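Colleague: what's the 3D shape of this:
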Amino acid sequence: MQLNITPTPAPTLSNLVITSTIKGIQLKWDVTDDPTHASTEIWHSETNDFGIATKLAEVWDNTYIHVDAPIGITRYYWIRSRNIYGRTDGNVLSGSATPAAVQTTDVAPNAITSVSIFQNSAPATLVTYDVWSNVFLATFPGTGNAFVVDIQHLTNLAISAIGTTGAAYAQGRISVVESPYVNAGTVTVTNGSAVVGGAGTSWLSEVSPGDVFFLASASSSRYTVQSVDSDEQITLSANYAGITGSGKTYYILTASSLAIQISETTDQLEIIGAHAISHKFPFAYRTPVQTQAGRLYDIVLDWAIHRDDASWSISLSSVLKTLILTELKR
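Modeller: Below you'll find the predicted structure:
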């Protein structure tokens, strides 16, 4: 008896994409639907010659990451299918990439770069209804890394008169605002004067009326730029109310965009039938913010109170504001 056996070559692979990562290289290719495909061989070399390449791995997926590849050295890769009969005579796909060097040392995922804490227990009371009012502001420069924002605001809702219908409640809101800025050189400011002098500044080409000026100190008030008089002088829309000084670090925000905004009801009192029902919990949020170098970030905490019935009388007192900023390595 004579058997005629038809050889079954290895399947064809397609669309190999090779991408540099931090201290590594990722290979990805299309999944083959050939039922005879068993695995994918991955070969590599520092020279573009498959004949001297070394087998790096054999995988059963359609992706592979070569971790700890030498930084700054171009590596060449080849992949081919191995079928269920052990044959590897299908096509060979190739490509190259160079691992990036963002970190100089190994770091664990989400390793902490820095932690900053801002806290303010200054008393404040809100009695205006249906208007968002600022109660806390913190500013930090972007680094290109991600930050985790943890913020809490503890308040007390005081009621001096309760209506017979509806409800009264308090709200908190956090906003993260991203702004490009100008801060080259230094400035001279004078108490009672709207004129700001600059040294090493180029304001005619960088600043416009309507931009926002302030000194780089935590308690500095902000002012709108009324006019740009020269490269080294601007005039504010109001007289500077701080302490006279020269050689001061400053910021001028040239635009702003809202990155995040979250609001929540924190204290609530409802009259339902003959019953009064109240709820109270702190305004507390934890949220990530991806920053860009060369941008300034404002974390703005606002609060508001509302009443359904105009006969109600309520006020809101701030007990404590706490912000924790945790910067994460990329």
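Colleague: When you work out contacts or count neighbours from here on, use the C-alpha atoms and nothing else.
Modeller: OK.
Colleague: what about the stretch 151-300 of the chain, any weak spots by pLDDT?
Modeller: By pLDDT under 70, the low-scoring segments of the stretch 151-300 of the chain are 218-219.
Colleague: residue ranges for the strands of it, please.
Modeller: 167-182, 186-189, 195-199, 212-215, 223-230, 233-236, 245-248, 250-253, 257-272, 275-280, 283-290, 295-307 (DSSP state E, counting those that start in this stretch).
Colleague: now for the first one, which elements pack on it?
Modeller: Based on contacts counted as 3 or more C-alpha pairs under 8 Å, 6 or more residues apart in numbering; DSSP states H and E, the elements that strand 167-182 packs against are strand 250-253, strand 257-272, strand 295-307.
Colleague: Out of the strands of the stretch 151-300 of the chain, which gets nearest to residue 86?
Modeller: Closest approach to residue 86 among those is made by strand 283-290 (47.5 Å; C-alpha to C-alpha).
Colleague: List of residues touching the closest one?
Modeller: 144-154, 172, 264-266 (C-alpha atoms under 8 Å, 6 or more residues apart in numbering).
Colleague: just how off-centre is it within its chain?
Modeller: 10 Å (C-alpha atoms, centre = their mean, to the nearest Å).
Colleague: list the buried ones in it?
Modeller: Buried residues in strand 283-290, counted by 16 or more other C-alpha atoms under 10 Å: 283-285, 289.
Colleague: That strand versus strand 257-272: what angle between them?
Modeller: 160 degrees (axes from the mean of the first three to the mean of the last three C-alpha atoms, to 10 degrees).
Colleague: Output strand 283-290 as CSV, nothing but the C-alphas.
Modeller: Extracted as CSV, the C-alpha positions of strand 283-290 are listed here (Å, rounded to 0.1, in the frame of the first residue of the first chain):
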residue,chain,number,x,y,z
PHE,A,283,-16.9,66.5,50.6
ALA,A,284,-14.1,64.1,49.8
TYR,A,285,-12.6,63.0,46.5
ARG,A,286,-9.6,61.2,45.2
THR,A,287,-8.9,61.6,41.5
PRO,A,288,-5.9,61.3,39.1
VAL,A,289,-4.6,64.2,37.0
GLN,A,290,-2.2,63.8,34.1
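Colleague: Which residue lies nearest the spatial centre of this structure?
Modeller: residue 290 (1.7 Å; C-alpha atoms, centre = their mean).
Colleague: Please produce JSON lines containing the strands of the stretch 151-300 of the chain, extended by distance to residue 24.
Modeller: Converted to JSON lines, those look like this (distance: least, C-alpha to C-alpha, whole Å):
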{"stretch": "strand 167-182", "distance to residue 24": "32"}
{"stretch": "strand 186-189", "distance to residue 24": "42"}
{"stretch": "strand 195-199", "distance to residue 24": "45"}
{"stretch": "strand 212-215", "distance to residue 24": "43"}
{"stretch": "strand 223-230", "distance to residue 24": "48"}
{"stretch": "strand 233-236", "distance to residue 24": "49"}
{"stretch": "strand 245-248", "distance to residue 24": "44"}
{"stretch": "strand 250-253", "distance to residue 24": "38"}
{"stretch": "strand 257-272", "distance to residue 24": "31"}
{"stretch": "strand 275-280", "distance to residue 24": "50"}
{"stretch": "strand 283-290", "distance to residue 24": "23"}
{"stretch": "strand 295-307", "distance to residue 24": "29"}
